[in-house]
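Enquirer: Output the structure for:
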Amino acid sequence: FLLYYHPTKMKTAAICLSLVGAAAAFAPTTTQRVSTQISLGLDDIGGSSAPLPNFDPLNLANFGSDETLLWFRAAELKHGRVAMVATTGYLFNAAGFHFPGMLSSDISFESLSTMTPPEAWAATPTAGKAQILGTIFIAELVTEGYQGTHYMKGGDLPTMVFPKIDFSGVSEVTMSRKRTSELNNGRLAQIAIMSFLAAHYIPGSVPALANNAAF
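Expert: Numbering: from 1, shown residues only. As a prediction, the model looks like this:
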C-alpha cells in the first residue's frame, strides 16, 4: 500500500488516511434513546455551539426517525474528518513539500509535487488507486458496525480504526468540548476543501485563490 500512497496530494492522501485514522478523531458519545419515531433532537446529540447553536436551516433533524438523525451525525463526523485531512494535504502540497523517492517505477513524488492534487490523483497508477479504495472499504466496514452495536441502534458513533486511542482518563466535560471542537473544525474544513476544488475546476470562483498555481 505504501508503495503507491502519496500523502502530499490532497486527493490521494485525504481519502486514504482519513478513514484509517484521521486527525482529531475523538471518542464518540453513546446515545441511549433510539426508536422509529423522533424522540432525539439536536440538543441530544451534541455539537451545538456559538454563534449559531443548533444551526439546521433545512430542518434535517426532523427529516426521519432517530436512526436517521444519528446517521446524519455520523455522516457529518466522517466527512469532517476526511475534509480536515484533505485540507491539510492540499496545503502541504501547496507549500511544496513532498516525499523523496518513487511512487511507482516511472513516477516520482517530486514529479507529482509539481501538479495540483486533482492532477496528481489522475496520474496515480491504477493499482495504487485500487489499494487506496480497498483500504477505504475495509475501514468503512469496521466503522459501520464491526466494532460492536451500530450507532443507529444506540452504539458509539464511528471512531478511529487505527491506531486506537484510550480516552478513559479524560473527563466527560473535556471530552464534550473536544467532540464539539472536532465537529466545528470538520465543518470549517469541509468549506475549505470545497473552495479549493471550486478554485481548481471553476477559475475565478474563489477570488482569494485566483492565479495561485497550487489550486
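
Enquirer: When you work out contacts or count neighbours from here on, use the C-alpha atoms and nothing else.
Expert: OK.

Enquirer: which residues in the chain form strands?
Expert: Counting by DSSP state E, the chain yields no residue ranges for strands.

Enquirer: so where is it shaky, pLDDT-wise?
Expert: Confidence mapping of the chain against pLDDT under 70 gives the ranges 1-38, 145-147, 160-163.

Enquirer: most centrally placed residue in it?
Expert: residue 82 (1.6 Å; CA atoms, centre = their mean).

Enquirer: Look up how far residue 180 lies from that one.
Expert: Distance, residue 82 to residue 180, by CA to CA, to the nearest Å: 16 Å.

Enquirer: again with residue 39
Expert: In terms of CA to CA, residue 39 sits 22 Å off from residue 180.

Enquirer: higher neighbour count, these two?
Expert: residue 180 (16 against 12; other CA atoms under 10 Å).

Enquirer: unless I'm mixing things up, that one is touching residue 49, no?
Expert: Yes. With contact defined as CA atoms under 8 Å, residue 180 reaches residue 49; the gap is 7.5 Å.

Enquirer: what's the burial count for residue 96?
Expert: Using other CA under 10 Å, residue 96 is surrounded by 12 other residues.

Enquirer: which residues does it contact?
Expert: Residue 96 is in contact with residue 113, counting by CA atoms under 8 Å, 6 or more residues apart in numbering.

Enquirer: May I have the phi/psi pair for it?
Expert: phi 90, psi 10 (degrees, to the nearest 10).

Enquirer: thinking again about what came up before, next one: the residue nearest to the centre of the chain relative to residue 188, how far apart?
Expert: Counting by CA to CA, the gap from residue 82 to residue 188 is 12 Å.
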